[in-house]
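[1] Pasting the sequence and the predicted coordinates here, then a few questions.
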Amino acid sequence: MTSAQADALQRLWPRYGVDLADATQIQARFSRPAPLTLEIGFGSGEATLWRAQQDPTRNVLGIEVHRPGVGGLMLRAAQADVDNLRVACTDAVEFIEAMPSASIDTAIIEFPDPWPKKRHHKRRLVQPAFIAMLVERIAPGGSLLLATDWADYAEHMLEVLEPAPALRNTAPDGQGYAPRSAMRPPTRFEERGLRRGHSVFDLAYRRV
Ligand SMILES: C[S@@+](CC[C@H](N)C(=O)[O-])C[C@H]1O[C@@H](n2cnc3c(N)ncnc32)[C@H](O)[C@@H]1O
């Protein structure tokens, strides 16, 4: 962690930080209620900040366990004087579990840790129990958007998401991968994947 990130974590936590205890009343941590975009595992947070700036009519909440990334995002948010962004430095599973039903408008999981070794696949974030819990927190009509550059993780995501009873695939033919979302800017992890020769797979679902 750089000293600027460490300083930001401490100094800017009152403005941008959200504790696990805030999860039950998440809208109260923003300056006004608005549709909530939730980004899970934002890394360095460049996409999170971009989304908050692109659409000031929304509230954007990023959850990330990596503290330097959290400090870095708060620093850049303060430099840009962005007000519709909040950041939690907590395990996303625990945090989302504490959130109210139907409190999320759009949930985003981009380039989650791939855990490429087969014996580690069970550590992948996208699993049926986690998705069932997350979908319950997405409001009817809301969205779940995912992207990965690992082909076998993308297939696994489809296997988990297609049978979920409360989700409809919004790809043009109602199944499979979706076109790249206009609200998904490039990130370091995408660029790293492309440098490795990977393709990127987008998935888009609506909560029914
Ligand atoms: C491969 S990175 C991708 C970062 C970012 N989404 C991007 O596209 O650049 C995955 C991130 O998810 C975070 N992460 C993994 N599991 C998490 C969890 N349970 N709760 C919060 N963050 C998590 C990791 O710390 C890491 O920063």
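    Yep, that arrived.

[2] Buried residues of the helix of greatest length in the chain, list them for me.
    Scanning the chain for the longest helix, with DSSP state H as the assignment, gives helix 67-79. Burial within helix 67-79, assessed by neighbour count using 16 or more other C-beta atoms under 10 Å, is assigned to Pro68, Gly69, Val70, Gly71, Gly72, Leu73, Met74, Leu75, Arg76, Ala77. (Each C-beta comes from the backbone N, C-alpha and C, glycine too.)

[3] And whatever helix or strand comes next after that helix, what does it pack against?
    Following helix 67-79 in sequence order, the next helix or strand is strand 85-88 (DSSP states H and E). Counting contacts by 3 or more C-beta pairs under 8 Å, 6 or more residues apart in numbering; DSSP states H and E, strand 85-88 packs against helix 13-16, strand 17-18, helix 46-54, strand 59-63, helix 67-79.

[4] If I look at Met183, what pLDDT would I see?
    On pLDDT, Met183 comes in at 89.

[5] Likewise for Leu73?
    pLDDT, read off for Leu73, is 98.

[6] Run me through the strand neighbours of the strand or helix carrying Leu145, direction for each.
    Leu145 belongs to strand 138-148 when assigned by DSSP H and E. Each strand paired with strand 138-148, and its direction, by DSSP bridges: strand 104-110 (parallel), strand 201-207 (antiparallel).

[7] Point out the most buried one among those.
    With neighbours defined by mean count of other C-beta atoms under 10 Å, none of those is more surrounded on average than strand 104-110, at a mean of 23.

[8] gap between that strand and the chain center?
    5 Å (C-alpha atoms, centre = their mean, to the nearest Å).

[9] in its sheet, what does the helix or strand harbouring Glu39 sit against?
    Taking DSSP H and E as the criterion, the element that holds Glu39 is strand 36-40. Partners of strand 36-40 in the sheet, by DSSP bridges, are strand 59-63 (parallel), strand 104-110 (parallel).

[10] out of those strands, which comes closest to Arg32?
    Taking C-beta to C-beta, strand 59-63 is the member of those nearest to Arg32, at 8.2 Å.
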